[in-house]
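Visitor: Generate coordinates for the sequence data below:
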Amino acid sequence: MFRYYDIGHAEVFIFDDFLIKQVREGAIVDQEETEEFKIILKEHFNEKNMAYISNRVFSYSVNPLVYKEAEKIPNLVAIAVIPSNEKTRASAKYESQFYDRPFGIFDNLSEAIEWVQKIIQRENSELSVENA
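Guide: All right, here's what the predicted structure looks like:
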């Protein structure tokens, strides 16, 4: 079961521990978009570890400084990107330099989901040990 949002420039699919976002062709992801993202996160993942999966089906621009804002979200434990071509893969590699938490680039959605679930499970285990 998942929740679906159409937020104009993107579609967001919310699952238990992660979300998948598909930004529309030609959009620009910047600070304003990050604020919208935070609202969705607070509603669905308040104080619960989660991951973000970017399914890059279309071509769009990302201001890499949004990753510094994303680092301020304490329960966002990983970002996964699924590029649709080599140009998008190169952009994702560049963007990864701006994010100091786990950042993975994958060939398909299944690989990305498997990876983020491992990261979330590890983070939740570490949190359980700290709280024991």
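Visitor: Now name the helix or strand holding residue 113.
Guide: helix 109-131 (DSSP states H and E).
Visitor: Compute the mean per-residue pLDDT across that helix, please.
Guide: Averaged over helix 109-131, pLDDT sits at 88.
Visitor: Need the residues that contact it.
Guide: 17-18, 20, 49-51, 53, 55, 77-78, 80-82, 102, 104, 106 (C-beta atoms under 8 Å, 6 or more residues apart in numbering). All C-beta atoms are positioned from the backbone trio N, CA, C, and that covers glycine.
Visitor: same thing but 7 Å
Guide: 17-18, 49-51, 53, 55, 77-78, 80, 82, 102, 104, 106 (C-beta atoms under 7 Å, 6 or more residues apart in numbering).
Visitor: Output it as PDB, restricted to C-alpha atoms.
Guide: Only the C-alpha atoms of helix 109-131 are listed here, as PDB (Å, rounded to 0.1, in the frame of the first residue of the first chain):
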ATOM      1  CA  LEU A 109      14.100   0.400  -9.000                       C
ATOM      2  CA  SER A 110      14.500  -3.000  -7.400                       C
ATOM      3  CA  GLU A 111      18.200  -2.500  -6.700                       C
ATOM      4  CA  ALA A 112      17.500   1.000  -5.200                       C
ATOM      5  CA  ILE A 113      14.700  -0.300  -3.000                       C
ATOM      6  CA  GLU A 114      16.800  -3.200  -1.700                       C
ATOM      7  CA  TRP A 115      19.700  -0.900  -0.900                       C
ATOM      8  CA  VAL A 116      17.600   1.800   0.900                       C
ATOM      9  CA  GLN A 117      15.900  -0.900   3.000                       C
ATOM     10  CA  LYS A 118      19.300  -2.200   4.100                       C
ATOM     11  CA  ILE A 119      20.400   1.300   5.100                       C
ATOM     12  CA  ILE A 120      17.100   1.900   7.000                       C
ATOM     13  CA  GLN A 121      17.300  -1.400   8.800                       C
ATOM     14  CA  ARG A 122      20.900  -0.700   9.800                       C
ATOM     15  CA  GLU A 123      20.000   2.800  11.000                       C
ATOM     16  CA  ASN A 124      17.000   1.400  13.000                       C
ATOM     17  CA  SER A 125      19.200  -1.300  14.600                       C
ATOM     18  CA  GLU A 126      21.800   1.300  15.600                       C
ATOM     19  CA  LEU A 127      19.000   3.500  17.100                       C
ATOM     20  CA  SER A 128      17.700   0.500  19.100                       C
ATOM     21  CA  VAL A 129      21.100  -0.200  20.500                       C
ATOM     22  CA  GLU A 130      21.500   3.500  21.500                       C
ATOM     23  CA  ASN A 131      18.100   3.500  23.200                       C
END
